[in-house]
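Undergrad: I would like to see how this sequence folds:
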Amino acid sequence: MNFEGRRTISVNHPSLPGHFPGTPIVPGMVILDEILAALTEWRGGSHVTAIRAVKFLAPLKPQQPFTICLSAGQDAEEVDFSCRVDDRVIVEGRLEICCDAS
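TA: A predicted model of the protein is given here:
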């Protein structure tokens with residue numbers, strides 16, 4: 001099972017002022033928030049219980065479109081994620097999740 005979604009962080013995002021003035025980059029936590037929002041979009045009843053791994057490989061600039069990719073194998077309690085700008089992976093990792101019993 002896979003999910004893909006495109007995102008862009010606005011230059012007006014409240015986390016950006018003061019974050020590397022003159023050459024702003026999107027903070028990692030903002031990217032993680034977008035990944036969690038994508039998980040909710042894909043699997044509405046899922047909740048993250050742990051971030052098992054995360055590696056930031058390249059910076060993301062405001063207004064730079066990126067793609068969030070989520071995939072789950074047989075183990076429905078773990079989801080691998082990556083974020084790409086064009087064909088370059090900028091973030092990758094693994095989430096531990098649980099799902100509502102409803």
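
Undergrad: quick one, strands of this protein?
TA: 2-7, 46-56, 66-71, 78-85, 88-99 (DSSP state E).

Undergrad: mean neighbour count for the ones you listed - can I get that in a markdown table?
TA: Every C-beta, even on glycine, is put in place using the N, C-alpha and C of the backbone. Converted to a markdown table, those look like this (neighbours: other CB atoms under 10 Å):
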| stretch | mean neighbour count |
| --- | --- |
| strand 2-7 | 13 |
| strand 46-56 | 14 |
| strand 66-71 | 18 |
| strand 78-85 | 19 |
| strand 88-99 | 16 |
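
Undergrad: output the below-cut-off pLDDT ranges for the chain.
TA: Along the chain, segments meeting pLDDT under 70 span 74-75, 101-102.

Undergrad: how close does the residue most central in space within it sit to residue 61?
TA: Closest residue to the average C-alpha location of the chain: residue 35 at 2.6 Å, with CA atoms, centre = their mean. To residue 61, residue 35 is 18 Å away according to CB to CB, to the nearest Å.

Undergrad: do residue 44 as well
TA: Taking CB to CB as the measure, residue 44 falls 30 Å from residue 61.

Undergrad: between these two, which one's more packed in?
TA: More crowded of residue 44 and residue 61, by other CB atoms under 10 Å: residue 61, with 14 against 9.
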